[in-house]
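# Fold the following for me, if possible:
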Amino acid sequence: MADAIYKEIRKNHNLTRDDVCDKASLLNKPIQPERLERIENGKFPITPYEVMLLAEIYGEPTLCNHYCSKECPIGEKYVPEIKVKDLTQIILEMLSSLNSMKKSQERLIEITADGVIDDDEIKDFVYIQKELERISITVETLQLWVEQMLADEKINIEKYNQIKGE
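Model (predicted):
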């Protein structure tokens, strides 16, 4: 049951439904305890707005990816599930993918230069496409890691936003 994650994370944070509703009210984004109960018990589907609210209250940005990749009909098709990893693993995966793409760069140019992917080029093209998808997922994993570090206050959010906004 997909909705069980919302109850599980709330309980992991030692919060009651009333606690969550109080925090939501403080953010001027009220949610009723009855609504939260129905969401947690699978009686009502959660809305994207509510997912974002709970992610903010719990400091769990992974909830947004979970919702998009597992519960949203569009996201299920287009949004990959991102697994939480440590920074070292993320960077090593990124470097591995980038090195692989360096080796494939010339082949990609050869394949696509004429605007047509011939039968004898499909195997190489699909391989390169999968490598690009790996890079994309690794970038998303890094972004999720950053969001979690910001939520956990392990990165100075004011400084981060100031530099990012430049």
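
# Spatially nearest residue to the most centrally placed residue in the chain (excluding sequence neighbours)?
Most central in the chain under CA atoms, centre = their mean is N65, positioned 3.6 Å from the mean C-alpha point. Counting by CB to CB, 6 or more residues apart in numbering, N65 lies nearest to I82, which is 4.7 Å off, once chain neighbours are set aside. Heads up, the C-betas are built off the backbone N, CA and C, glycines and all.

# picking up where we left off before, check the contact between the residue nearest to the centre of the chain and Q143; I expect there is one.
No - in this structure, N65 is not within contact of Q143 by CB atoms under 8 Å, at 9.7 Å.

# Okay, buried residues for the longest helix seen in the chain please.
As assigned by DSSP state H, the longest helix anywhere in the chain is helix 122-151. Of the residues in helix 122-151, 125, 128, 131, 134-135, 137-138, 141-142, 144-148, 150-151 count as buried by neighbour count, 16 or more other CB atoms under 10 Å.

# what's the next secondary structure element after that helix?
Downstream of helix 122-151, the first helix or strand assigned by DSSP states H and E is helix 157-164.

# Excluding its own residues, what touches that following helix? List them.
Applying CB atoms under 8 Å, 6 or more residues apart in numbering, the contact partners of helix 157-164 are V146, L150.

# what's the angle between that helix and helix 122-151?
Comparing the axes of helix 157-164 and helix 122-151 via axes from the mean of the first three to the mean of the last three CA atoms, to 10 degrees yields an angle of 140 degrees.
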